[in-house]
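Trainee: Can you look at this prediction? I've put the sequence above it.
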Amino acid sequence: MSAALATIYNHRAIDERLGSSGQPSVKQLGDIAEAGYTTVINLALHDDPRYSLPDEAGTVASLGMRYVHIPVQFGAPMREDLKAFFDAMDGCRGEKVWVHCAANLRVTAFLGLYWALREQRPREQAFALMREVWRQPDPVWDAFIDDALASPP
């Protein structure tokens, strides 16, 4: 893992093809591109300057990466958001992908569901990263995760 990537808020180097974090800065997006990532998936909203960049899509494109934005309301995640995330992850197989939101909470929950439902990993293993970053999701996310596991999108 590069020292530059380690400075990104709540960064996790999951494996050689997948990294996750909270919101990277413009400079950190450059570091992500320099590390060979080809796609950035953003699960955060674009409407709060504390947790977003003025033109992340343009910055990512200027760095030669593909940008996928799936705006997930933190207090109201939707099944459609999860399905869009699954489709984006499936479409990036074999690529180096960076997934972020504001704090790496939405991301770790969605990755846990992806690993449990699409890759059939045991629940404990699928949600280990989420528990490391988030400890325990709030009641909204607990219910969302349980619902998605019971009735996959």
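Mentor: Received, thanks.
Trainee: and the gap between the residue lying closest to Ala102 once chain neighbours are set aside and Ala128?
Mentor: Closest residue in space to Ala102, ignoring its immediate chain neighbours: Tyr51 at 3.9 Å, by Cβ to Cβ, 6 or more residues apart in numbering. Bear in mind the C-beta positions are built from the backbone N, C-alpha and C, glycine included. Distance, Tyr51 to Ala128, by Cβ to Cβ, to the nearest Å: 25 Å.
Trainee: give me the low-pLDDT residue ranges for this protein?
Mentor: For the chain, residues meeting the criterion pLDDT under 70 lie at 1.
Trainee: Would you state the strands of it in chain order?
Mentor: Ranges of strands in the chain, per DSSP state E, are 12-15, 18-21, 39-42, 66-69, 97-100.
Trainee: Any idea which of those strands gets closest to Leu29?
Mentor: Leu29 sits nearest to strand 39-42 of all the strands of the chain, at 7.1 Å, using Cβ to Cβ.
Trainee: Name every strand pairing with the closest one and say which way it goes.
Mentor: Using DSSP bridges, the strands paired with strand 39-42 in its sheet are strand 66-69 (parallel), strand 97-100 (parallel).
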